[in-house]
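Q: using only what follows, build the 3D model:
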Amino acid sequence: MKKVILTITIASLVCASSWAQEVTEKSSKPENPVRIGVKFGFPNIVGLHLEYATPLLGGRIAPTVDFSIIPINVNEDSDFAYGNGDFEFRYSYLEVGANIYFFKPGRGLYANVSYGRTSLRYDFLDYYDEVEDIGGGVGKLDIAFNALNLKLGAKLGNSFYFRPEIGVAIVGVQENISYTIVYPDGTTEIETLDEDLPEFFIGLMPMFNLGFGVAF
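A: Have a look, this model is predicted:
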């Protein structure tokens, strides 16, 4: 009889342990770990947001990617035209990092640590040199800003979610930027933006955005 009771007790303990382990694993696994949405704000302006909530650290680590690209065409009659010619402007933003959730697996309040790169491309079309009386010049100017981002946010909701974020970016900005314009006759013109500025400086930039999306 004692052997039967002992066997039943051991079996019960094994079943209870397995059940407890299963409950713990389920509670630490984020629901709907794949998140796809859009964000509106600064510096991303508007773009795509991706997140995957992993089981790491009890479901509290989630890698993220944000991407935006905004092309703008401006003609010579616009107030924004430069050099008496048309130009094409492209703003792009890429951010790669991770959300670290504080209280719930893949939900609620979190901190974000990420690397961001803002790129500005400025293509001049039919640039006109008033000094040399030459038209049809073309040129390209590329400027990039790299940043370490620190943010606080919250994922509110499950299958459909709302996501506010605020934070600060530690930005490295390359100054003393120059670009070259090539004219049809082969002559070139070099323009420099702000020659008196230092070559490099680090500054702080505020960040804020609102996101919406679906999770599955």
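Q: the closest residue to residue 55 other than its chain neighbours: what's it in contact with?
A: Distances taken as Cβ to Cβ, 6 or more residues apart in numbering place residue 29 nearest to residue 55, at 5.5 Å, with adjacent residues excluded. Yep, even glycine has a C-beta here, placed from its N, CA and C like the rest. Residues near residue 29 by Cβ atoms under 8 Å, 6 or more residues apart in numbering: 55, 59, 105.
Q: list the ones among the residues you listed that fall in helices.
A: Taking DSSP state H as the definition of helices, those contribute residue 59.
Q: weed out the non-buried ones from the contacts of residue 29.
A: 59, 105 (16 or more other Cβ atoms under 10 Å).
Q: format the contacts of residue 29 as a markdown table; extra columns: distance to residue 118 and pLDDT.
A: Formatted as a markdown table, the contacts of residue 29 follow (distance: Cβ to Cβ, whole Å; pLDDT from 0 to 100):
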| residue | distance to residue 118 | pLDDT |
| --- | --- | --- |
| 55 | 33 | 92 |
| 59 | 31 | 90 |
| 105 | 32 | 93 |
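Q: export the contacts of residue 29 to CSV and tack on distance to residue 73?
A: As requested, those are exported to CSV (distance: Cβ to Cβ, whole Å):
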residue, distance to residue 73
55, 46
59, 45
105, 46
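Q: quick one: least confident helix or strand in the protein?
A: When each helix and strand of the chain is scored by mean pLDDT, DSSP states H and E, helix 2-28 comes last, with a mean of 45.
Q: circling back to that earlier point, show me which of the contacts of residue 29 is closest to residue 157.
A: For the contacts of residue 29, the minimum distance to residue 157 (Cβ to Cβ) is 14.6 Å, reached by residue 105.
Q: ok, the closest one touching residue 60?
A: Yes: using Cβ atoms under 8 Å, residue 105 is in contact with residue 60, at 6.2 Å.
Q: quick check: the gap between the residue nearest to residue 55 and residue 54.
A: 9 Å (Cβ to Cβ, to the nearest Å).
Q: with residue 95 instead?
A: As for residue 95, its distance to residue 54 is 18 Å (criterion: Cβ to Cβ).
Q: and for residue 212?
A: 22 Å.
Q: now swap in residue 109 and tell me
A: 18 Å.
Q: past the lengthiest strand in the chain, which element shows up next along the chain?
A: The strand that spans the most residues within the chain, counting by DSSP state E, is strand 134-157. On the C-terminal side of strand 134-157, the closest following helix or strand by DSSP states H and E is strand 160-174.
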